[in-house]
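> Sequence plus the predicted model coming up.
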Amino acid sequence: MKTDRGIGAGNGGANALAPALRATFPVLLGYTTLGLAFGLVLVDSGLPWWLSPLMAAFVFAGAAQFMGVGLLASGAGVGEIALMTLLLNARHLVYGLSMLERFAGAGRLKPYLIFGLTDETYGILSTEEPPEGVDPVRFRILVTALDQAYWFAGCTVGALAGTALPVEAEGLDFALTALFVVLLVEQILARRPREVFLVGAAASLLALILAPPRNFLLAAMGLGIAGLLATRLPRPRRNGSEPPT
């Protein structure tokens, strides 16, 4: 059985392209728009335009890229940026593990599929199956590659526009905040444990009070993780009996 399939090789690749385009069309609208905002914000922060497509190619994480722009502009060190990125994108560890079975036949392209698991790509690949007769591996590779292409195009065009035109980027960095607010509302409306959101709100408030602005995000994440671990600790029984071992 062949496992190393090209992205568009053969009729299977052509057959997979149409359903992949249909599945990723909503991502096209979101990624190009948000990528455009990212490119403008990056250039407005005083960073070189080429850093925008470079990050889109090798980082490919909207939240981490927006955060990285702020950290780079403030002179943060490599260690601090790496730690913040790891904490911010820790959920992707679970994404990759949950998709290992689906990616089993991807061969040498499996690392790229895992690398490309953004929230939106994961949502597509974990819920949609290719039509009958379409190679599942090629479909998943094309979905991942198309999503990254949309993001790369948005980041590149935004950076070039910010360099060539007198575009005012003030307020555009709020695009990511707005996106996370939408995601938060969707999570709240879903049946999720309510204490998760209460712990997150309390951790953010404490970090705002106790931590300097530069370390706010790191402090909030640390307090949030500690709070969530505390809510998962076993509680003693009220009758004083020991839990079974």
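On my side now, so go ahead. Residues are numbered from 1 along each chain as shown.
> pLDDT below threshold where in the protein?
The model of the chain has pLDDT under 70 over residues 1-14, 167-180, 182-184, 186-187, 189-193, 233-245.
> the longest helix in it is where?
If you go by DSSP state H, the chain has its longest helix at helix 10-44.
> In the helix or strand following that helix, which residues are buried?
As assigned by DSSP states H and E, the chain's next helix or strand after helix 10-44 is helix 51-58. Across helix 51-58, burial judged by 16 or more other C-beta atoms under 10 Å covers 51-53, 55-56. The way it works is simple: take the backbone N, C-alpha and C, and place the C-beta from them, glycine included.
> before we move on, the earlier item: which elements pack onto the longest helix of the chain?
helix 51-58, helix 62-73, helix 119-127, helix 136-164, helix 174-189 (3 or more C-beta pairs under 8 Å, 6 or more residues apart in numbering; DSSP states H and E).
> and the protein, what are its domains?
Residue ranges for the domains of the chain, per automatic domain parsing: 10-176, 193-233.
> Residue 185 is nearest to which of the ones you listed?
Minimum separation from residue 185 across the domains of the chain (C-beta to C-beta) falls at domain 193-233, 10.7 Å.
> Residue 224 contacts residue 200, doesn't it?
Yes: with contact defined as C-beta atoms under 8 Å, residue 224 counts as touching residue 200 (5.4 Å).
> Which of these two has more residues huddled nearby?
Neighbours per residue (other C-beta atoms under 10 Å) separate residue 224 from residue 200, with residue 224 holding more: 20 against 17.
> Excluding sequence neighbours, find me the nearest residue to the more buried one.
Sequence neighbours aside, residue 203 is the residue nearest to residue 224 in space, at 3.8 Å (criterion: C-beta to C-beta, 6 or more residues apart in numbering).
> next SSE after whatever helix or strand the one you found lives in?
Here residue 203 sits within helix 194-210, counting by DSSP H and E. Note on helix 194-210: by DSSP H and E, the next helix or strand toward the C-terminus is helix 216-231.
> now the angle from that next one to helix 194-210?
Here helix 216-231 runs at an angle of 140 degrees relative to helix 194-210 (axes from the mean of the first three to the mean of the last three C-alpha atoms, to 10 degrees).
> Look at residue 134 and say how many residues are nearby.
Neighbours around residue 134, by other C-beta under 10 Å: 20.
> my guess is it contacts residue 17, does it?
No: taking contacts as C-beta under 8 Å, residue 134 lies outside contact range of residue 17: 9.5 Å.
> Could you single out the most deeply buried of the domains of the chain?
domain 10-176 (a mean of 18; mean count of other C-beta atoms under 10 Å).
> what's the offset of that one from the middle of its chain?
Computed by C-alpha atoms, centre = their mean, to the nearest Å, the chain-centroid distance of domain 10-176 equals 7 Å.
> Thanks a lot, catch you later.
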